[in-house]
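> Whatever this is, show me its structure:
(one chain, ligands or ions: 2)
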Amino acid sequence: MADIIIKNGYILTMDPSADNIKNGVVVIEDGRITDVCEKTEETADTVIDAQGSVVMPGFVNTHTHAGMTLFRGYADDLALSDWLENHIWPAEVELTGSDVYAGTRLACLEMIKSGTIAFADMYFFMDEVGKVVESSGLRAALSYGMIELWDEEKGKRELKEGKSFVNEWNGKADGRISAMYGPHAPNTCSKEFLMKVREQATEDNAKIHIHVLETEAELNQMKEQYGMCSVNMLDSIDFFGPDVLAAHCIWLSDGDMDILRNNNVNISHNPVSNMKLASGIAPVTKLLDRGANVCLGTDGCASNNNLGMFEEMKAAALLQKVDTMDPMALPARQVLEMATVNGAKALDINSGMIRKGYNADVIIVDMNKAHLNPLYDVPSHLVYSAGSSDVRTTIVNGKVLMDDYGVVCMDEQKVIDEARDAAADLISRVDAKK
Ligand SMILES: C[C@H]1O[C@@H](n2cnc3c(N)ncnc32)[C@H](O)[C@@H]1O
Ligand SMILES: [Zn+2]
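Ligands and ions are numbered 1, 2, ... in the order given. Now for the predicted structure:
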């Protein structure tokens, strides 16, 4: 007997080797998808009727700072350097482990409700984040954000912290958690520090999560400091590889794109944050045309201001169209790939497709809504019309985390209340320091 059978749904497989099924069945056992078909004789403990819904792989949010939900709407409409240096960093000084715990719980709740099955995080108090991920049921690639600022002693402490997190958490929660090294960016960490991180990551068989060329200011600073841009500098120290997840990658030359492509670097595109902070427009179409693995991320809630991947997909599609002045640029199907298949590839998880043998990381999207009718093309609706609140059911690793709009893995109201209280307390401490 199987654990879960989902029946009567439109199966959007995202699998290049398999067609979608108009009225199909997904069978789940021991955390894996064991069958994808038109009909089954199998029985299961749980049978989910997906009538009028789309059954698809859940989203992979490849760049966020989950605990920053506490700063949602705290400092808006500012330039990145002002925002970060004068508002966010001073506020983060006051963060405690229990703040990050509360903020990350809120983030996980929001992600489960909006159909995200896995996320890549870079933040602080990562043991708390690990605990939250473990109990929430989600999958995550977690990294401690190391900000060295050319201070050798600080660098040593940061790397030690990053390493102890990697050693403790990599592979935890039945493999749902992987731990990465998180050097913040090439303009906040020295070249020497980045070399040490690269060496350590290779030694520990851990991946690396970093911000790259998010702003023009970074590009200019790098040129002044090293006589070359971030991508060239990182390439000169053999930093890149398929184990690197580079967020943003906006200010790229054609040569930089080739370097990223040739080194199989995973690029996390964050269009909403990039628009909100006016950081610029990443050359996504050009990167994809070169065959680079470009995935999607929301960035933290202080620059988005939510963790919804539907909104992120739509923004990605529209932004490329207006940037290239080509309405055919980044069509719906390709954006969906970025949010699922490419994200799973970046985090090296067997998710992102509804395929036999893959992780049972599945969502069910309710299409019986005013804004989703009539229905001619499923990918089109998912990218251009659907929203976070259309997700009915979220399953990760074969466990139902949200069942027909009801979150079952945590007490929703309690999570909201605790995050609100933590945020109020945190901001009053920040204000008291002013
Ligand atoms: C891990 C660190 O990254 C910071 N952070 C959050 N958003 C961004 C962004 N768009 N660019 C650079 N850093 C960011 C967090 O505020 C934290 O200090
Ligand atoms: Zn970021």
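> Now do the helices in the stretch 251-400 of the chain.
254-262, 271-276, 284-289, 309-324, 332-337, 343-346, 378-384 (DSSP state H, counting those that start in this stretch).
> let me redo that: the stretch 51-200 of the chain
Using DSSP H, counting those that start in this stretch, helices in the stretch 51-200 of the chain cover 80-82, 89-92, 97-113, 126-136, 152-169, 191-204.
> which residues does the closest residue to ligand 1 within the stretch 301-434 of the chain contact?
Of all residues in the stretch 301-434 of the chain, residue 303 sits closest to ligand 1, at 5.1 Å by Cβ to the nearest ligand atom. For the C-beta atoms, the positions are set from N, CA and C on the backbone; glycine is no exception. Applying Cβ atoms under 8 Å, 6 or more residues apart in numbering, we find residue 303 in contact with 83, 273, 276-277.
> how about a cut-off of 6 Å?
By Cβ atoms under 6 Å, 6 or more residues apart in numbering, the contact list for residue 303 reads 273, 276-277.
> Near ligand 1, list only the ones from those residues.
Among the contacts of residue 303, the residues within reach of ligand 1 (Cβ under 6 Å from any ligand atom) are residue 273.
> what's the closest of the contacts of residue 303 to residue 79?
Nearest to residue 79 among these is residue 277, at 7.0 Å by Cβ to Cβ.
> The residue lying closest to the closest one once chain neighbours are set aside and ligand 1, how far apart?
Once flanking residues are discounted, residue 277 sits nearest to residue 80: 4.6 Å by Cβ to Cβ, 6 or more residues apart in numbering. According to Cβ to the nearest ligand atom, to the nearest Å, residue 80 stands 6 Å off from ligand 1.
> Surely residue 80 is in contact with residue 276?
No - contact criterion Cβ atoms under 6 Å: residue 80 and residue 276 do not qualify, at 9.6 Å.
> Quick one: neighbours of the closest residue to residue 197 other than its chain neighbours, just the number.
Excluding the flanking residues, the one nearest residue 197 by Cβ to Cβ, 6+ apart is residue 183, at 4.8 Å. When neighbours are defined as other Cβ atoms under 10 Å, residue 183 has 30 of them.
> Beta-bridge partners for residue 183, please?
Bridge pairing for residue 183 (DSSP bridges) gives the partners residue 146.
> what's the answer for residue 120, then?
residue 141.
> I'd guessed the residue nearest to residue 197 sits against residue 210; true?
Yes - with contact defined as Cβ under 6 Å, residue 183 counts as touching residue 210 (5.3 Å).
> How about the contacts made by the residue of the chain found nearest ligand 1?
Residue of the chain nearest ligand 1, by Cβ to the nearest ligand atom: residue 145 (3.0 Å). By Cβ under 6 Å, 6+ apart, residue 145 lies in contact with 122-123, 182, 184.
> how far away is it from residue 79?
Between residue 145 and residue 79 the distance is 21 Å, computed by Cβ to Cβ, to the nearest Å.
> who in this protein is up against ligand 1?
Residues of the chain lying close to ligand 1 (Cβ under 6 Å from any ligand atom) are 65, 84, 88, 92, 122-123, 145, 184, 211, 214, 273, 299-300, 303.
> Serialize these to CSV and add fields for distance to residue 381 and pLDDT.
Shown next, in CSV, are the residues of the chain next to ligand 1 (distance: Cβ to Cβ, whole Å; pLDDT from 0 to 100):
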residue, distance to residue 381, pLDDT
65, 30, 98
84, 36, 93
88, 36, 96
92, 39, 97
122, 32, 98
123, 33, 98
145, 36, 98
184, 37, 98
211, 33, 98
214, 31, 98
273, 25, 98
299, 25, 98
300, 28, 98
303, 27, 96
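> can I get those residues in JSON lines with distance to residue 407?
JSON lines is the format used below for the residues of the chain next to ligand 1 (distance: Cβ to Cβ, whole Å):
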{"residue": "65", "distance to residue 407": "22"}
{"residue": "84", "distance to residue 407": "32"}
{"residue": "88", "distance to residue 407": "29"}
{"residue": "92", "distance to residue 407": "28"}
{"residue": "122", "distance to residue 407": "25"}
{"residue": "123", "distance to residue 407": "22"}
{"residue": "145", "distance to residue 407": "28"}
{"residue": "184", "distance to residue 407": "32"}
{"residue": "211", "distance to residue 407": "31"}
{"residue": "214", "distance to residue 407": "33"}
{"residue": "273", "distance to residue 407": "26"}
{"residue": "299", "distance to residue 407": "24"}
{"residue": "300", "distance to residue 407": "22"}
{"residue": "303", "distance to residue 407": "25"}
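> Let me know the closest of the residues you listed to residue 178.
Nearest member of the residues of the chain next to ligand 1 to residue 178, counting by Cβ to Cβ, is residue 122, at 13.1 Å.
> isn't the closest one right next to residue 141, touching?
No - using Cβ under 6 Å, residue 122 makes no contact with residue 141, being 9.5 Å away.
> What about the nearest residue to residue 371 once chain neighbours are set aside, how many residues nearby?
Excluding the flanking residues, the one nearest residue 371 by Cβ to Cβ, 6+ apart is residue 385, at 5.4 Å. Residue 385 has 16 neighbours, counted by other Cβ under 10 Å.
> got it, and residue 325?
By other Cβ under 10 Å, the residues close to residue 325 number 7.
> Residue 19 too?
Per other Cβ under 10 Å, the neighbour tally for residue 19 reads 9.
> Same question for residue 314.
With other Cβ under 10 Å as criterion, residue 314 counts 21.
> How far off centre is the helix or strand of the chain with the lowest mean pLDDT?
The weakest-scoring helix or strand in the chain, judged by mean pLDDT, DSSP states H and E, is helix 80-82 (a mean of 90). Taking Cα atoms, centre = their mean, to the nearest Å, one finds helix 80-82 lying 22 Å from the centre of the chain it belongs to.
> Skipping adjacent residues, who's closest to residue 185 in space?
Sequence neighbours aside, residue 211 is the residue nearest to residue 185 in space, at 4.1 Å (criterion: Cβ to Cβ, 6+ apart).
> Secondary structure of that neighbour: a strand, I assume?
Yes - counting by DSSP: H, G, I helix; E, B strand; the rest coil, residue 211 is found in a strand.
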